[in-house]
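Chemist: this one's sequence-less:
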C-alpha cells in the first residue's frame, strides 16, 4: 500500500507476503528519471528450527517447531516369503510420513524392483501372514529402471485403526467378497506392505506364484516388501504422535 507523506514524498507500508513499490518521477531538463524501490517481507527464522530423535528399530522422528509439523522415516525390507524364496534380493524401500495436523502424507520410494511391474500398497495389522486387518491404500508401479514411488494422504499415525461396532451387510462386488462383516473392537494397524499385483509377475521375479486377495480384484500375488523389521505390536506408524 502506498501514499504521499506530509512533505510530498511517497511513502509505502509493505503488506505481509506482498511486494510494495515506490515510484517517483524527478523532472530535470525535460527528462523524467524513474526511481523504483521494492520492499519484500523476508521470512523470519523461528527460534527453534527443529529437532531430530532416533527411535528403536530404525525409525527417524523429525519435529519442525516453526512449521508445527513432524515426520517419521523408516525402511521396509523384503517380505518373509520373498526372503525365503531368495527373490527380490536388490529391493529396498524407504517411507516418510509427514503430519499436517488433520491428516498425514505417506511417501514410499523403492528401488531394485522388477521393471515395469504393478504392486498394491496396504496398511496392515501385522507385517507377516495372516496380516490381520488390512487396508488397501494405493497402486504402485515400477518403471523400466525398477524404481517406484507413490504418495498417499490419510491417517498414518498412532491413531490409525479400524473398527466394526457390529455386524452389517456388505456389498458383494467380487465372488470372494464377504456378504457381512464380523464385529470387532478398535484394532490399530501400524504396518506397511505391498504385494505383487499379479502372481505371474511374482513368478517372473523368482518368487512363489501363490494367489492372495491383496488387490482390487482379490487375485494378487505374494507380498513383496513389508515392515517385518518391526515388532508385530510396534509397527512404524505407531511412532508418529501428532
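Modeler: Yep, that arrived. As the structure is a computational prediction, the values presented were derived from the model and not from experiment.
Chemist: C-alpha only now, for contacts and for neighbours.
Modeler: Noted.
Chemist: How many residues are close by the nearest residue to residue 201 once chain neighbours are set aside?
Modeler: With Cα to Cα, 6 or more residues apart in numbering as the criterion, residue 201 has its nearest non-adjacent residue at 7.0 Å, and that residue is residue 117. The tally of other residues near residue 117 (other Cα atoms under 10 Å) stands at 20.
Chemist: which residue sits closest to the residue nearest the centre of the chain in space, ignoring its chain neighbours?
Modeler: Nearest residue to the geometric centre of the chain (Cα atoms, centre = their mean): residue 106, 1.1 Å. Once flanking residues are discounted, residue 106 sits nearest to residue 97: 4.3 Å by Cα to Cα, 6+ apart.
Chemist: Residues in a beta bridge with the one you found, which ones?
Modeler: residue 72, residue 106 (DSSP bridges).
Chemist: what's near enough to touch it?
Modeler: 71-73, 104-107, 156 (Cα atoms under 8 Å, 6 or more residues apart in numbering).
Chemist: let's go with 10 Å and repeat that
Modeler: 61, 70-74, 104-108, 151-153, 155-157, 236-237, 240 (Cα atoms under 10 Å, 6 or more residues apart in numbering).
Chemist: Select only the buried ones of the residues you listed in PyMOL?
Modeler: Filtering those down to the buried ones (16 or more other Cα atoms under 10 Å) takes a single PyMOL command:
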select buried, resi 61+70+71+72+73+74+104+105+106+107+108+155+156+157+236+237+240
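Chemist: which stretches of this structure have low pLDDT?
Modeler: Residues of the chain meeting the criterion pLDDT under 70: 1-57, 60-69, 242.
Chemist: that older thread, quick one: contacts for the residue nearest to the centre of the chain?
Modeler: 71-73, 95-99, 150-156.
Chemist: which residues touch the host helix or strand of residue 139?
Modeler: Assigned by DSSP states H and E, residue 139 belongs to strand 134-141. Residues outside strand 134-141 that contact it (Cα under 10 Å, 6+ apart): 108-110, 113-127, 147-154, 161-162, 189, 191-197, 214-216.
Chemist: those helices in this structure, which residues are they?
Modeler: In the chain, the segments counted as helices under DSSP state H are 80-85, 199-204.
Chemist: Surely residue 91 and residue 76 touch.
Modeler: Yes - contact criterion Cα atoms under 10 Å: residue 91 and residue 76 qualify, at 9.3 Å.
Chemist: Next, show the common contact partners of these two.
Modeler: 110, 225.
Chemist: quick one, which of those two is more surrounded?
Modeler: Neighbours were counted for residue 91 and for residue 76 using other Cα under 10 Å; residue 76 has more, 25 against 18.
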